[in-house]
Every structure is written in C-alpha cells, then in structure tokens.
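A.B. asks: The sequence and its predicted three-dimensional model are supplied below.
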Amino acid sequence: MPINIPKGMPAKGILEKEKIFIMDEERATTQDIRPLNILILNLMPIKQNAEVQLLRLLGNTALQVNVSFIHMETHQSKNTSQSHLDQFYTTFSEIHEKNFDGMIITGAPIEHLPFEDVNYWEELKMIMDWSKERVTSTMHICWGAQAALYHHYGIDKYPLESKTSGVYEHGISDRTVKLVRGFDDVFFAPHSRYTSVDQREIEAHPELLLLSDGDAGPFIIISKDEKNIMITGHFEYDTTTLAEEYDRDLKKGIDIAPPENYFPNDDHMKRPRNTWRSHSHLLFSNWLNYYVYQETPFEWK
C-alpha cells in the first residue's frame with residue numbers, strides 16, 4: 001500500500017525510482033480507506049535526507065499511511081531552506097488539536113548540550129507530553145530516544161570518551177515482544193553519537209524494558225505500556241550515511257576514527273556494505289502493525 005506525502009515533496013522522485021508506492025494528497029482523498037496518520041518531528045539538520053530514509057521504511061508495509069511533518073517553532077534551521085519548511089512542514093501549534101496514530105521523533109546532532117540548554121527543549125517537552133494523550137505510539141530515534149528517556153523516565157545521558165560510530169552487533173533479551181518478532185538472534189545496526197545512557201538505570205526502571213543491547217550499549221528500549229519506543233541508534237540510515245558523516249568531520253578538522261565494522265577491510269576508500277537493511281524494515285513494519293494499526297481506534301473520540 002502507498003504512503004501519502006505532501007504534493008511536490010522532493011523525496012517522492014527518489015522513492016519512486018526505488019519502486020516504492022507513493023501517493024500525493026490529491027489522489028489519497030479518493031481512497032475509501034482509513035489510513036494511518038503518522039506525524040514526523042524532524043530534528044535533523046538536513047531534513048531532506050531524513051525524509052527519504054524514514055519514508056522508505058514507512059512505505060514498505062501493507063498499510064496505507066498518511067505522513068505529516070512538523071518542525072520546531074523555537075528553532076531556526078540553518079541547513080534546510082525556509083521555503084522547503086513552508087511548503088512541506090507545519091508546526092506543533094497548527095496540529096496540537098489533532099490525534100495521530102503514530103509519531104516519530106528523530107535524532108539531532110546536539111548530544112553535547114545538556115537538555116535544558118537546547119533552545120527548543122521547552123517546546124519539545126510540550127510535544128512529548130502532548131503525545132501521551134494524542135498519539136497511540138511514539139518512536140524516538142538516537143538523541144530523540146535520549147530526550148524521551150530523560151523527560152519521561154528521568155534517565156540522563158552521559159558523555160563518551162570518544163564517538164560511537166559504526167555498525168554494531170546486537171542481541172534480543174525477549175523475543176516474545178512483538179516489536180522484534182522475526183528478528184535474528186544476532187543482528188546489526190548503525191550508531192553515531194557522542195553520548196550514551198546507563199544500562200543499569202534502564203534495567204532497574206519499573207516502566208521500561210531493555211529489549212536489545214550490544215557492543216554499542218543499550219539499543220532498543222520500550223515502555224511497558226508500549227506507548228514509547230526508544231531506538232538509540234540509526235536503523236533508518238542509508239548505506240553511505242556513516243561515510244558521509246565521517247568525511248564531513250574530517251573536512252571540519254575533527255580528529256576522529258573511521259566508523260567501526262563498516263568499511264570492507266577497514267578501508268575507508270571502499271564502499272561500505274549494508275548489513276542492517278532487512279532488520280530496519282522489519283522493525284518499522286512491526287511497529288506500524290502491532291503498536292499503531294492494531295492499537296489505534298478507528299475513530300478517535
């Protein structure tokens with residue numbers, strides 16, 4: 001089934017070349033079907049890249065999905081044009097009276113800052129509180145996951161001695177949980193961050209379940225009421241995203257090691273291979289099916 005996105009969004013052409021079924025708003029209005037309404041709070045600096053990555057995963061299920069994007073009103077984007085935001089995004093103040101079946105809060109490259117020093121922290125807290133009543137299930141990614149753990153559950157992040165960057169092995173603690181249904185005993189996922197969260201705090205918290213961890217620390221955390229899912233890595237990353245981040249950091253003069261377990265034979269001149277694609281699609285499919293579609297009311301009251 002298709003995903004419905006704002007008409008004219010540049011991501012449409014990229015996804016159509018990948019044979020992903022895309023529908024714009026005009027055609028969607030002719031469909032006699034109750035689609036899922038998914039809201040994406042895109043905090044990434046280059047928003048177009050995150051749009052393609054997330055839409056690709058949301059478009060690979062049997063469900064019809066309407067996707068809406070919002071950006072922060074209290075933050076001026078430096079890497080995405082205002083015209084793009086005006087055309088394809090709305091703000092929280094414009095949608096706060098609506099209900100959504102699911103929401104995704106992306107990461108942001110600001111983990112070096114205390115949460116309270118982020119210029120949109122108060123607005124983000126308001127959105128996360130709003131999601132408790134207005135969203136069936138919310139997926140938080142990387143810094144978004146750390147923000148959710150801090151705001152909802154009082155678990156703070158801490159700085160790492162060096163950046164965690166690479167593709168790491170993970171396992172599953174409880175494969176009866178629907179989110180990881182169909183996962184292999186061992187699987188891989190990209191991580192890219194300078195901070196982490198304490199595994200002992202997560203395991204000791206009465207409202208949380210640590211579902212997956214590995215060489216990069218805690219990875220998939222789910223609240224026991226299934227309202228919040230926290231993914232500390234980047235299942236949505238393209239094959240070359242870590243390489244692009246590495247090249248960007250080198251050009252900035254940052255002394256940084258190449259991403260681990262990523263380039264063939266650790267040769268950063270060789271094209272990396274994608275070892276996480278199937279599990280990324282499976283995670284998003286499981287989330288949409290079990291935590292959004294099967295839990296959301298047909299009509300919100």
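C.D. replies: Thanks, I have the structure now. Numbering: from 1, shown residues only.

A.B. asks: Helix, strand or coil: sort out the closest residue to Glu260 other than its chain neighbours for me.
C.D. replies: Counting by C-beta to C-beta, 6 or more residues apart in numbering, Gly166 is the residue found nearest to Glu260 once chain neighbours are left out, at 3.1 Å. No exception for glycine: its C-beta is placed from N, CA and C like everyone else's. Following DSSP: H, G, I helix; E, B strand; the rest coil, we place Gly166 in the strand state.

A.B. asks: Next, count neighbours for Gly166.
C.D. replies: Neighbour count for Gly166, taken as other C-beta atoms under 10 Å: 20.

A.B. asks: go on, Asp238?
C.D. replies: 16.

A.B. asks: what's the pLDDT at the nearest residue to it once chain neighbours are set aside?
C.D. replies: Closest residue in space to Asp238, ignoring its immediate chain neighbours: Gln53 at 6.2 Å, by C-beta to C-beta, 6+ apart. Confidence at Gln53, expressed as pLDDT, is 94.

A.B. asks: and Gln53, helix, strand or coil?
C.D. replies: Gln53 - assigned by three-state DSSP - is helix.

A.B. asks: Can you verify my assumption that it contacts Tyr237?
C.D. replies: Yes: Gln53 is within contact range of Tyr237, at 6.7 Å (criterion: C-beta atoms under 8 Å).

A.B. asks: who's more crowded, these two?
C.D. replies: More neighbours surround Tyr237 than the other of Gln53 and Tyr237, with 24 against 20 (other C-beta under 10 Å).

A.B. asks: check contacts around the residue nearest to that one when sequence neighbours are not counted.
C.D. replies: If the residues on either side of it in the chain are set aside, Tyr237 comes closest to Pro190, at 4.6 Å by C-beta to C-beta, 6+ apart. By C-beta atoms under 8 Å, 6 or more residues apart in numbering, Pro190 lies in contact with Gly166, Val167, Tyr168, Gly233, His234, Phe235, Tyr237, Thr241, Leu242, Pro259, Tyr262, Trp276.

A.B. asks: repeat for Arg193
C.D. replies: Counting by C-beta under 8 Å, 6+ apart, Arg193 touches Gly107, Glu111, Cys142, Trp143, Leu160, Lys163, Thr164, Ser165, Thr232.

A.B. asks: So in the protein, which helix runs the longest?
C.D. replies: helix 121-134 (DSSP state H).

A.B. asks: Tell me which stretches of the stretch 51-200 of the chain form strands.
C.D. replies: 65-70, 89-90, 100-105, 135-141, 157-172, 187-197 (DSSP state E, counting those that start in this stretch).
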